[in-house]
Structures are given as structure tokens and as C-alpha cells.
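**Q** Sequence and computational prediction follow.
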Amino acid sequence: MIVGHHVTSYGEIYETVPGLFEVAAASDLDSERAENIAAKIGSFQSSKPVTYTDYKEMLEKEELDAVSVATPHFAHHQPSIDALNKGLNVVVEKPFAITIKAGLKMLQAVKKNNRILACAEPMRRSVGNRTIDWAINRAGLIGEPRFFFYQHARFSLGVVVGTPWRHQKLMSGGGWVHDGEVHYIDFLRMVFGDVAEVYAKIRNFETTRYLDTQNWKNPVPSDVEDTAFAILTFESGLLASFTWTHAATGKPLDIVRYYGSEGSLDNEGVLSKSGEYTPMSELENKFMESITAKEKEKFFPHGMTNPSAIAFYNFFDSIRTGEKPEISGEDAFAAQAICEAVYESDACGQAVRMEDVISGRFNAFQREIDERWNI
Ligand SMILES: NC(=O)c1ccc[n+]([C@@H]2O[C@H](COP(=O)([O-])OP(=O)(O)OC[C@H]3O[C@@H](n4cnc5c(N)ncnc54)[C@H](O)[C@@H]3O)[C@@H](O)[C@H]2O)c1
């Protein structure tokens with residue numbers, strides 16, 4: 001349950017900036033989970049939140065300013081829309097919504113109610129990832145970006161995060177591309193801007209997963225991809241070769257490397273065209289030294305470096321100041337849409353342009369999900 005990590009982040013913010021917020025209520029279909037979460041929150045703030053098993057009752061009875069939605073993907077849009085329609089601000093977990101249509105409905109509710117909708121996406125907010133953005137876009141250490149490789153291959157038969165719903169398309173909206181790579185895609189949008197076109201193939205080689213991988217017990221059927229191969233073309237012309245698979249037996253493969261006109265960059269450092277090497281630790285120091293005090297406060301408010309705490313702080317701060325959160329609903333929707341484009345490209349057997357995925361022209365993959373949830 002990600003909400004356990006959320007509570008740790010709330011605790012960190014509460015200690016760092018006392019009085020910024022109070023958690024008044026917690027809702028989970030499972031009353032014991034709601035009680036556990038409330039007890040943890042009650043251990044750092046003055047009162048224990050009231051608990052509910054029906055979020056609609058919570059929205060009716062409590063006087064709230066904002067809610068955080070951290071439910072499975074099929075249950076992101078309705079609680080978010082209901083809260084926005086009650087005049088509340090919302091922070092939602094990634095991926096923004098289960099389908100394009102669900103995401104568009106959420107964005108309509110934001111517009112109608114003029115509230116803030118942010119995404120609790122952490123990945124771009126780490127020191128390491130801010131450094132990569134700085135190295136490419138501000139220090140220009142690889143020159144003009146040309147292409148990059150993102151290749152992850154390994155073998156796993158476990159149920160992802162122990163949650164069977166992640167392996168059921170109608171509940172999850174897709175496999176790891178939609179669930180996990182959406183983090184990376186949000187980071188890519190920060191560094192390289194928008195994607196224009198996607199060509200992809202997905203496969204599901206292993207259709208049975210196990211909750212107990214020690215004893216190969218508690219099998220769970222899976223109808224989402226365990227393998228995705230894609231070529232992303234960015235609006236800038238940048239090309240990306242993107243591969244993710246959990247069906248690669250034998251030797252694992254992990255490469256993330258960005259190439260430009262003047263050199264390459266990966267998690268270990270920068271290698272220039274002329275052979276000069278700068279390790280990542282040095283780059284991180286240079287990044288921290290080069291940013292202004294205002295930027296430092298924006299990226300790492302009150303000295304916090306926990307990406308999840310920074311995400312929630314940014315949401316609270318947006319409510320206070322009225323400024324757009326760093327990852328708004330539109331941003332999170334754009335990242336989710338790139339994941340949908342992977343599925344839609346596979347479903348229609350051709351490259352798809354982002355505008356045709358967002359308009360619903362290509363929706364063969366998502367159609368049954370929209371039908372299931374009446375979206
Ligand atoms: N930011 C991250 O790194 C990260 C990590 C893990 C999960 N997540 C995201 O967090 C969300 C939840 O994932 P999880 O792993 O915690 O799932 P989970 O299944 O462990 O927990 C979801 C909880 O939501 C409850 N729930 C379901 N429908 C509900 C409803 N209508 N009202 C109230 N409660 C409801 C369930 O009872 C359960 O306790 C997903 O969007 C997931 O992608 C993000």
C-alpha cells in the first residue's frame with residue numbers, strides 16, 4: 001500500500017513545516033486498513049483522523065480542503081471527480097487515470113470547479129534526476145540530444161507489489177508500462193519535452209504470476225503485458241529505443257544512456273566526445289552549487305530530499321499560493337497518454353501520433369476498460 005509511504009512523507013512535512021496541514025479523515029474499503037493508517041497519522045499530529053469505508057460519506061460529512069487519491073487505477077477518476085465537484089483540491093497517484101477518457105473527465109472536472117489537481121509523482125524530484133535534467137538542459141554537457149536507450153530485461157514471475165489487480169487489465173489499465181514506466185515518462189517529459197509519435201509491440205509471455213514465489217503458490221492469472229518494445233519520437237526529433245520486459249530468462253540487461261552531439265550521459269556520469277569523464281557524484285555537486293537559493297527552495301523545499309514528501313509539499317504549497325503545481329493534471333495526463341499510445345500502437349499495428357490517441361481515434365486497447373467502468 002503506497003499510502004503507508006504517503007503517511008511517512010506527511011510526517012516528514014508535518015515535522016518540517018508545523019501547521020501546514022492536518023489530516024482530518026481517512027477512507028479505505030477495508031476498515032482495518034483505514035484504522036491502521038489513521039493510527040499512524042495520529043502518532044505525529046494532535047488528533048487521529050476519523051475513518052470511513054465509503055469515501056462518498058467522508059466527502060459528505062467532513063469539512064475538507066483537499067483529498068489524496070491512492071486507490072487502484074480503476075478507482076482514480078471517480079473519487080477525484082467527486083472530490084473536485086465538492087470544491088476540493090485533489091492530489092492523485094500515478095498513473096493519472098485508467099484510460100484517456102477517464103483522464104479527460106478528470107481534467108473537465110478541474111476546469112468546471114477551478115480547483116487544483118496535482119499528481120503525487122515522485123521520480124523527477126530526486127537529486128539524481130534533477131541533476132540529469134540540469135546536465136542536459138542547462139549545462140549542455142551532451143550537446144544537442146540525439147537519441148537514447150532505455151533497456152531493462154529480467155525475469156520475474158512475482159505478482160507486482162503483491163497486488164493481483166495490477167495483473168488484470170480491466171482494473172489496472174495495463175501492465176508495467178502504465179503502472180511503472182509512467183514514472184520514467186514523466187521524467188522524460190521534464191527533460192526532453194513531449195512525445196509526438198509512438199510505435200510499439202507488447203507481449204504477455206507469462207500468463208500466470210505467483211503471490212508466493214518462495215513456494216510457487218497462490219497463482220494469479222495475468223492478462224497484461226510483461227514485455228514492451230517501443231520507439232518514441234519526441235517533438236524535438238529526439239529518438240528513443242525503449243524496452244522493458246520481465247520475461248527475459250538468463251542474463252538481465254539494464255541500460256539507460258542518453259547520447260547527444262557532444263557526448264553521452266548515464267547514471268554513472270558524462271563522457272564527452274573528446275574523452276573527458278565526469279562522474280555523477282561530481283555532477284550532483286556541480287548542480288547543487290549552480291542553482292540559486294530560490295531554485296533550491298523550489299526543488300528541495302525546506303531542505304527536504306524525499307521525492308514523495310516534496311510532491312505533497314508542492315501540492316499543499318499550490319493550494320496556499322494558487323500557483324500551478326509542478327506536475328498538474330495536464331502534465332500527469334500527458335505522461336499517461338504516452339503509455340496509452342504504446343498499447344494503442346500495438347493494438348492497431350502501426351505508429352500512432354499522440355493527438356490521435358488523445359482524441360480517441362485509436363482506442364482499441366482501452367475500449368473494453370471504458371465499457372467496463374462506464375467511462
Ligand atoms: N508513487 C509510487 O512510487 C507508487 C508506488 C506504488 C503504488 N503507487 C500507486 O498508488 C495507487 C495504489 O496502489 P497500491 O499499491 O497502494 O494498491 P493497494 O491495492 O495496495 O492499495 C489500494 C487501497 O485502496 C483501497 N481502495 C480501493 N478502492 C477504494 C475506494 N473506492 N475507496 C477507498 N479505498 C479504496 C483498497 O482497499 C486498498 O487498501 C496506484 O495508483 C499505484 O499505481 C504509486
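**A** Looks like it arrived, so ask away. Numbering: from 1, shown residues only.
**Q** only C-alpha atoms for contact and neighbour calcs from this point on.
**A** Will do.
**Q** Not counting sequence-adjacent ones, nearest residue to Ser126?
**A** Counting by C-alpha to C-alpha, 6 or more residues apart in numbering, Ser126 lies nearest to Pro307, which is 5.5 Å off, once chain neighbours are set aside.
**Q** quick one: that neighbour and Arg130 touch, right?
**A** No. Between Pro307 and Arg130 no contact is recorded; they are 10.8 Å apart, counting by C-alpha atoms under 8 Å.
**Q** quick one: common contacting residues for these two?
**A** Arg124 (C-alpha atoms under 8 Å, 6 or more residues apart in numbering).
**Q** Does the ligand have contacts with the helix of greatest length in the chain?
**A** Among the segments of the chain that qualify as a helix by DSSP state H, the longest is helix 329-348. No. Using C-alpha under 6 Å from any ligand atom, helix 329-348 stays clear of the ligand, coming no nearer than 11.5 Å.
**Q** what comes up buried for that helix?
**A** Residues 329-347 are the ones in helix 329-348 that count as buried (16 or more other C-alpha atoms under 10 Å).
**Q** Need the phi and psi values for the closest residue to Glu225 other than its chain neighbours.
**A** Nearest residue to Glu225, sequence neighbours excluded (C-alpha to C-alpha, 6+ apart): Asn204, at 4.4 Å. Dihedral angles of Asn204 (phi, psi; degrees, to the nearest 10) stand at phi -130, psi 90.
**Q** now Asn204: how far from Phe192?
**A** Distance, Asn204 to Phe192, using C-alpha to C-alpha, to the nearest Å: 30 Å.
**Q** swap in Trp373?
**A** Trp373 is 34 Å from Phe192, where distance means C-alpha to C-alpha.
**Q** Also Gly175?
**A** Distance of Gly175 to Phe192, given as C-alpha to C-alpha: 24 Å.
**Q** One more: Tyr55?
**A** 38 Å.
**Q** Ser80 now?
**A** 29 Å.
**Q** For this protein, which residues are neighbours of the ligand?
**A** 1-3, 27-30, 55, 70-73, 75, 93-95, 121, 163, 179.
**Q** and with 8 Å instead?
**A** 1-4, 27-30, 33-34, 53-55, 69-73, 75-76, 79, 92-96, 120-123, 161-163, 165, 179-180, 183, 308 (C-alpha under 8 Å from any ligand atom).
**Q** among these, which ones are buried?
**A** 27-28, 33-34, 53, 55, 69-73, 75-76, 79, 92-96, 120-123, 165, 179, 183, 308.
**Q** re the thing from before, so if I had to pick from Trp373 and Phe192, which one is more boxed in?
**A** Using other C-alpha atoms under 10 Å, the more surrounded residue of Trp373 and Phe192 is Phe192, with 18 against 14.
**Q** how far does stretch 7-25 sit from the chain's center?
**A** Computed by C-alpha atoms, centre = their mean, to the nearest Å, the chain-centroid distance of stretch 7-25 equals 22 Å.
**Q** That stretch - what's its average pLDDT?
**A** In this model, stretch 7-25 has a mean pLDDT of 96.
**Q** can you check stretch 197-216 too?
**A** The average pLDDT for stretch 197-216 rounds to 96.
**Q** for it, which positions count as buried?
**A** Using 16+ other C-alpha under 10 Å as the burial criterion, the residues of stretch 197-216 that qualify are 197-202, 204-206, 208-211.
**Q** and Asn363, what does it touch?
**A** Contact analysis of Asn363 by C-alpha under 8 Å, 6+ apart lists 344, 357.
**Q** Tell me which helix or strand it sits in.
**A** Asn363 belongs to no helix or strand when assigned by DSSP states H and E.
**Q** and Arg115, how many neighbours?
**A** If we define neighbours as other C-alpha under 10 Å, then Arg115 has 19 of them.
**Q** Helices along the stretch 101-250 of the chain, start to end?
**A** For the stretch 101-250 of the chain, the helices defined by DSSP state H, counting those that start in this stretch occupy 127-133, 169-172, 176-179, 181-192.
**Q** among those, which is the most enclosed?
**A** Among these, helix 176-179 has the highest mean neighbour count (mean count of other C-alpha atoms under 10 Å), at a mean of 25.
**Q** From Met171, how far out is the spatially closest residue to Thr207 that is not a sequence neighbour?
**A** Excluding its sequence neighbours, the residue lying closest to Thr207 (C-alpha to C-alpha, 6+ apart) is Ser222, at 4.9 Å. Separation of Ser222 from Met171 (C-alpha to C-alpha) stands at 11 Å.
**Q** What about the buried residues of stretch 197-216, which are in strands?
**A** Residues of the buried residues of stretch 197-216 located in strands (DSSP state E): 197-202, 208-211.
**Q** which one of the residues you listed sits closest to the ligand?
**A** The nearest member of these to the ligand, counting by C-alpha to the nearest ligand atom, is Leu211 at 13.2 Å.
**Q** Now do the same contact list for that closest one.
**A** The neighbours of Leu211, taking C-alpha under 8 Å, 6+ apart as the test, are 158-159, 162, 217-220.
**Q** Could you rerun that using 10 Å?
**A** By C-alpha atoms under 10 Å, 6 or more residues apart in numbering, the contact set of Leu211 is 157-164, 217-220.
**Q** which of the residues you listed tops the neighbour count?
**A** Using other C-alpha under 10 Å as the neighbour criterion, Val159 leads the contacts of Leu211 with 22 neighbours.
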